[in-house]
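Student: Below: sequence and its predicted model.
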Number of protein chains: 2
Amino acid sequence: MVSRTPCIRTPHARAPHARAPDTARRSERARRAILAASMRLVGEVGYTGLTIEAIAARAGVGKQTIYRWWPSKAAVLLDAFTSAAARPEREQGVPDTGDLEADLKRVLRDTADEFADPEFEAPYRALAVAAAADAEVSARIRERLLEPARERYLRRLRSARDAGRIAPDADLPLAVELLTAPFQQRWLQRTGPLTPEFTDALVEQVLRGLAPR
Amino acid sequence: MVSRTPCIRTPHARAPHARAPDTARRSERARRAILAASMRLVGEVGYTGLTIEAIAARAGVGKQTIYRWWPSKAAVLLDAFTSAAARPEREQGVPDTGDLEADLKRVLRDTADEFADPEFEAPYRALAVAAAADAEVSARIRERLLEPARERYLRRLRSARDAGRIAPDADLPLAVELLTAPFQQRWLQRTGPLTPEFTDALVEQVLRGLAPR
């Protein structure tokens, strides 16, 4: 589950730094144009149809400009997605109002809303497909999107355990998998709709198994 | 979760029937060669690298022979996979020894063993990638693999509910998602190993949430 991920705001490691101000500004403009073009294009043509050539044409840069900074279309897209996802409200973690059930329901409903937005869904599906097919892409996505998201759920569950709402011996990492995997499966394998009824029932069922005994 | 699916044994709908015996035999031989070639090839080159040309060359048939029976490489692969998976032990459903926890642990451990076998894993990953990318492929895989598998878990859970082992108002379809999705997520997104410790803990945690109250 990628939603509300604390995203990486630093520019790409190979992006230009410490150059003459004008060059740096032009490079940054090109970088942003490339990222934006990759997000729009993948929504139009899908991951299989996405090419470095098409991204370059749409961004108004040469192919070599892209290859100077990124090794592959998956790398461009991952940067584009994490930049686009870096909004302040995503970085605050799962809310903690003291009501674990309400907080988790809120987050999963919000996440479902994001997945209903084609501008989010298309590039994220493209990344998920690339990751499923390729172990190296998968490792980068895990590190930059999945692990931070997992950590945010874990923090909220730990706080609930400390407050006595969850059994002290509960397996919290497994609980995160139970909360996120059925959502991901419905979405990625298209096995069911991401309705509020579904996400609410999911939270209730998982919490039932975590209650103090 | 596809493992132990009651598979479709009937030949592909467009496969030849009711022809002169020799022609039918030759066609059936070609059909089997094509299916076997697609399974071997996808393990060698991955789904992206798989082409109808390569399948035809490996099977010793012309490309047109393949296109006469199947519209796409995904369709060939789905038939190949369901034929290969049609072993009798798969068709008996989740075992019912009366001990729900033991039965589910057995099935998930067996499923993990299958996923550890590259001859199973490679074509199934290829199908999963194709399905994630393409809604039409996804619908076919859902109908032929995922739904029958889901139904087998559901039957076992219904029997447990009838025996009083599960709360009478438990949401059994959701329970199936909880049992299968974390396994699928670890596998497809490579977020963790499919160890017996994991599958056993998964079963225990899900059943804890289903216990009669």
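Tutor: Perfect, I can see it now.

Student: how about the helices of chain A, start to end?
Tutor: A:21-49, A:52-59, A:63-69, A:73-84, A:100-115, A:118-133, A:135-141, A:147-162, A:172-188, A:196-210 (DSSP state H).

Student: chain center to the second one, what's the gap?
Tutor: To tie it back to what came earlier, the one meant is helix A:52-59. Using Cα atoms, centre = their mean, to the nearest Å, the mean C-alpha position of helix A:52-59 is found 23 Å from that of the whole chain.

Student: Just the buried positions in that helix, please.
Tutor: In terms of neighbour count (16 or more other Cβ atoms under 10 Å in any protein chain shown), helix A:52-59 has its buried residues at A:52, A:54, A:55, A:56, A:58, A:59. Quick note: C-beta positions are derived from backbone N, CA and C, even for glycine.

Student: who touches the residue in chain A positioned nearest to chain B in this structure?
Tutor: In chain A, the residue that lies nearest chain B is residue A:209 (2.9 Å; Cβ to the nearest Cβ). Residues near residue A:209 by Cβ atoms under 8 Å, 6 or more residues apart in numbering or on different chains: A:175, A:178, B:205, B:206, B:207, B:208, B:209, B:210.

Student: Would you check how far apart the nearest residue to the fourth one once chain neighbours are set aside and residue B:204 are?
Tutor: With sequence-adjacent residues excluded and distances taken as Cβ to Cβ, 6 or more residues apart in numbering or on different chains, residue B:206 is closest to residue B:178, at 4.7 Å. When Cβ to Cβ, to the nearest Å is the yardstick, residue B:178 and residue B:204 sit 12 Å from each other.

Student: Looking at these two now, which is surrounded by more residues?
Tutor: Higher neighbour count among residue B:178 and residue B:204: residue B:178, with 25 against 15, using other Cβ atoms under 10 Å in any protein chain shown.

Student: Give the full set of residues in contact with the more buried one.
Tutor: Listed by Cβ under 8 Å, 6+ apart, the contact partners of residue B:178 are A:178, A:182, A:202, A:205, A:206, B:206, B:209.

Student: Tell me the one among those nearest to residue A:133.
Tutor: Nearest to residue A:133 among the contacts of residue B:178 is residue A:182, at 22.5 Å by Cβ to Cβ.

Student: List the contacts of the closest one.
Tutor: Residue A:182 makes contacts with A:202, B:174, B:177, B:178, B:181, as judged by Cβ under 8 Å, 6+ apart.

Student: Find the nearest non-adjacent residue to the first one, please.
Tutor: Closest residue to residue A:202 in three dimensions, ignoring its sequence neighbours and counting by Cβ to Cβ, 6+ apart: residue A:182, at 5.7 Å.

Student: Tell me the pLDDT of the one you found.
Tutor: With respect to pLDDT, residue A:182 scores 98.
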